[in-house]
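**Q** dropping a prediction and its sequence here:
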Amino acid sequence: MRVLGIETSCDETGVAVYDTALSGGDGLLGDALYSQVAMHADYGGVVPELASRDHTRKLLPLVEQVLADARMTRGELDGIAYTAGPGLVGALMVGAATAHGMARGLNIPALGVHHMEGHLLAPMLEDDAPAFPFVALLVSGGHTQLVEVQGLGEYRLLGESVDDAAGEAFDKTAKMLDLPYPGGPHVARLAEQGDPARLRFPRPMTDRPGLDFSFSGLKTHTLTAIHKLNAAGELTEQGRADVARAFEDAVVDTLTIKCRRALDDTGLKRLVVAGGVSANARLREGLAKACAKRRAAAFYPRGRFCTDNGAMIAYVGAQRLAAGERDTPGQMQATPRWPLEQLRAPAGAETESPTP
Ligand code: KG4
Ligand code: ZN
């Protein structure tokens, strides 16, 4: 089954085609991404109305481009998957309406899929895809979650952020340090010059049991540290780098401690890390050490599939459409808030599950 995937939940227009007749990364016949980051940068964050309008402009040309790259015509598609949530409602509606319009014209099924399920299963597009079950750490701009994954649609939430997401904390710290949006990669780059011994920030909620996270206190701590350095005339380039380093170390340590705990609690030996923050090099180092100690393995999507993309949506949509799931024709879904635990395994699913 050849499925077109459409991602428009936030500030990236992503399109891809996935073929369930092939497995893993081979099934990906084409993918393309248009990032709106430059357009939103002037505002220091995503402007929802601008995002929706830009998706409207870019989506159909991207679909044509991906089909051409895959050497396919629209008529060869067997289904269309789109991100139905969570995300910005106007942005979601562009993808949903386009998917349903195309599906009706081509007389093929459409299916709305969950954005975080896309991130969760993005490592399935790699040659060394993880087998089920595994623990997943989802760290994006909107989410920080630890999930026990038994199979497609079988998710148990182990813990999540009670306030800011990890990526959001990176973005806010970047703003405090006058770095551009989205801030994660900029904070990480500045932190490379930082002295890890100069400042130490707290590791929130690690001194008590449980797998929940909280990053808003860390944000306040960062702001206080910046004010103190500024008052002492020490907010130099080095001072800013030291703050970035202390902040990054605190987030990375906190995420690593909770992942260790999740692996120990579940007894699982595979850890999937996905979402924008999974691109962070120091986080990967910390998790590699934690996994090595437990004879566990860590799995990541390739760099460009860590952040939002169409390939992960095409993949998840293809698995679910192949199992017979579909939207009622003409009833598009756009669900800005949609808890991952509400997802279910497709009934009578014959889904792709790579062997270890
Ligand atoms: O998954 P994603 O592309 O979009 C959402 O669904 O939110 O994640 C974007 C988030 C942003 O907050 C960005 O600052 C963060 O991921 N990010 C990083 C890095 N690359 C992206 N955070 C830390 N270090 C990075 N290298
Ligand atoms: Zn995302």
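**A** Okay, I see it. Ligands and ions are numbered 1, 2, ... in the order given.

**Q** use CA for all of it now, contacts and neighbours both
**A** OK.

**Q** now the helix or strand in which Leu146 is found: buried residues?
**A** For Leu146, the host element (DSSP states H and E) is strand 144-151. Within strand 144-151, the residues that count as buried by 16 or more other C-alpha atoms under 10 Å are Thr144, Gln145, Leu146, Val147, Glu148, Val149, Gly151.

**Q** which of the residues you listed lies closest to ligand 1?
**A** Of all the buried residues of strand 144-151, ligand 1 sits closest to Thr144, with 9.7 Å by C-alpha to the nearest ligand atom.

**Q** measure the closest one to Gly159 for me?
**A** Using C-alpha to C-alpha, to the nearest Å, we find Thr144 at a distance of 8 Å from Gly159.

**Q** check Gly27 too.
**A** 32 Å.

**Q** got the phi and psi for the residue nearest to Leu235 when sequence neighbours are not counted?
**A** Nearest residue to Leu235, sequence neighbours excluded (C-alpha to C-alpha, 6 or more residues apart in numbering): Leu229, at 5.1 Å. With angles defined as degrees, to the nearest 10, Leu229 sits at phi -60, psi -40.

**Q** hang on, isn't Leu229 packed against Glu237?
**A** No - the criterion here is C-alpha atoms under 8 Å, and Leu229 misses it with Glu237 at 11.3 Å.

**Q** okay, the two: which has more neighbours?
**A** More crowded of Leu229 and Glu237, by other C-alpha atoms under 10 Å: Leu229, with 15 against 11.

**Q** tell me where this structure has strands.
**A** 2-7, 12-19, 28-35, 79-85, 110-114, 134-139, 144-151, 154-160, 270-274, 297-299 (DSSP state E).

**Q** pipe these into CSV and attach distance to Ala322 and mean pLDDT per row.
**A** As requested, those are exported to CSV (distance: least, C-alpha to C-alpha, whole Å; pLDDT from 0 to 100):
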stretch, distance to Ala322, mean pLDDT
strand 2-7, 9, 98
strand 12-19, 10, 98
strand 28-35, 15, 97
strand 79-85, 9, 98
strand 110-114, 11, 98
strand 134-139, 23, 98
strand 144-151, 15, 98
strand 154-160, 17, 97
strand 270-274, 24, 97
strand 297-299, 25, 98
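
**Q** and of the ones you listed, who's closest to Ala244?
**A** Counting by C-alpha to C-alpha, Ala244 lies closest to strand 134-139 out of the strands of the chain; the figure is 18.4 Å.

**Q** can you give me the angle the closest one makes with strand 270-274?
**A** 20 degrees (axes from the mean of the first three to the mean of the last three C-alpha atoms, to 10 degrees).

**Q** name the residues that touch strand 134-139?
**A** For strand 134-139, the external contacting residues (C-alpha atoms under 8 Å, 6 or more residues apart in numbering) are 116, 119-120, 144-150, 165-167, 259, 262-263, 268-278.

**Q** ok, now stretch 159-169?
**A** Residues outside stretch 159-169 that contact it (C-alpha under 8 Å, 6+ apart) are 139-147, 184, 210-216, 219, 251, 276-277.
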